[in-house]
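*Asks:* below is the structure, and that's it, no one-letter string:
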């Protein structure tokens, strides 16, 4: 954030939203797993934990789609990510009050929505390949593959609790990869893609 302090405002907003997503996701997860002995509190935190996953996925897309906002496709993808994010959050909240919230079809659909949001970048694959620097692309792909590789451990964790620990390790390392990806993209975009829809940073400071 400090290195990008003189960047255009849409760059700073992208970095800030990603940072909030990380704090929300890891903060809610930490609280949920720390207070599991309190049923009412744990249930609320479990909802926040799932909501934070949707939020982090959309928040991870946000800096890249704001840094490289040269094509209409990027704007459409950004809107789609946040619409799916809030749709997923509202649906998950509603699932707490209906029997279908614990059904296999719903739980499977929720997992598939996470994956669909995460890999929606394939819709703009050529554009991303052309615009992102190689280091950024490598970090971004590594993070996506780590998140995805951890999914089987998440699914099987009900039968083998240790798998849940492994799932969180995948998540932690994936988030680290994406942090470096955002850093590389921010530094590249400041030099090569400073123009954007929201004007220079002086507009709001």
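*Replies:* That came through, no problem. The shown structure was predicted, so the numbers you read here are calculated from the model rather than taken from an experiment.
*Asks:* going by C-alpha atoms from here, please, whenever you check contacts or count neighbours.
*Replies:* Fine.
*Asks:* my guess is residue 93 contacts residue 47, does it?
*Replies:* Yes - using CA atoms under 8 Å, residue 93 makes contact with residue 47 at a distance of 6.6 Å.
*Asks:* check what pLDDT the one residue sitting closest to the centre of the chain gets.
*Replies:* Note on the chain: the residue nearest the mean C-alpha position is residue 57, at 2.0 Å, using CA atoms, centre = their mean. Looking at residue 57, its pLDDT is 98.
*Asks:* same check on residue 11?
*Replies:* So residue 11 comes in at 80 (pLDDT).
*Asks:* got a list of what it touches?
*Replies:* 4, 63, 66-67, 186, 190 (CA atoms under 8 Å, 6 or more residues apart in numbering).
*Asks:* and the lowest-mean-pLDDT helix or strand in the chain, what's buried?
*Replies:* For the chain, using mean pLDDT, DSSP states H and E, the weakest element among its helices and strands is helix 125-131, scoring a mean of 82. Buried residues in helix 125-131, counted by 16 or more other CA atoms under 10 Å: 127-128, 131.
*Asks:* which of these lies closest to residue 145?
*Replies:* Among the buried residues of helix 125-131, residue 128 lies closest to residue 145 (CA to CA), at 16.5 Å.
*Asks:* can you point me to the longest helix in the protein?
*Replies:* helix 162-192 (DSSP state H).
*Asks:* tell me which helix or strand comes right after the helix or strand residue 33 falls within.
*Replies:* Here residue 33, judged by DSSP states H and E, is contained in helix 9-34. Next helix or strand after helix 9-34 toward the C-terminus (DSSP H and E): helix 39-67.
*Asks:* buried stuff in that following helix?
*Replies:* 42, 45-67.
*Asks:* same check on stretch 108-118?
*Replies:* For stretch 108-118, burial by neighbour count (16+ other CA under 10 Å) applies to 110, 113-115, 117-118.
*Asks:* ok, now stretch 77-93?
*Replies:* With the criterion 16+ other CA under 10 Å, stretch 77-93 contains buried residues 77-78, 81-82, 84-85, 88-89, 92-93.
*Asks:* any weak-confidence spans in this protein?
*Replies:* 1-8, 70-73, 192-205 (pLDDT under 70).
*Asks:* re the thing from before, secondary structure and distance to residue 174 for the buried residues of stretch 108-118 - can I get that in TSV?
*Replies:* Formatted as TSV, the buried residues of stretch 108-118 follow (DSSP: H, G, I helix; E, B strand; the rest coil; distance: CA to CA, whole Å):
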residue	secondary structure	distance to residue 174
110	helix	20
113	helix	18
114	helix	15
115	helix	14
117	helix	15
118	helix	12
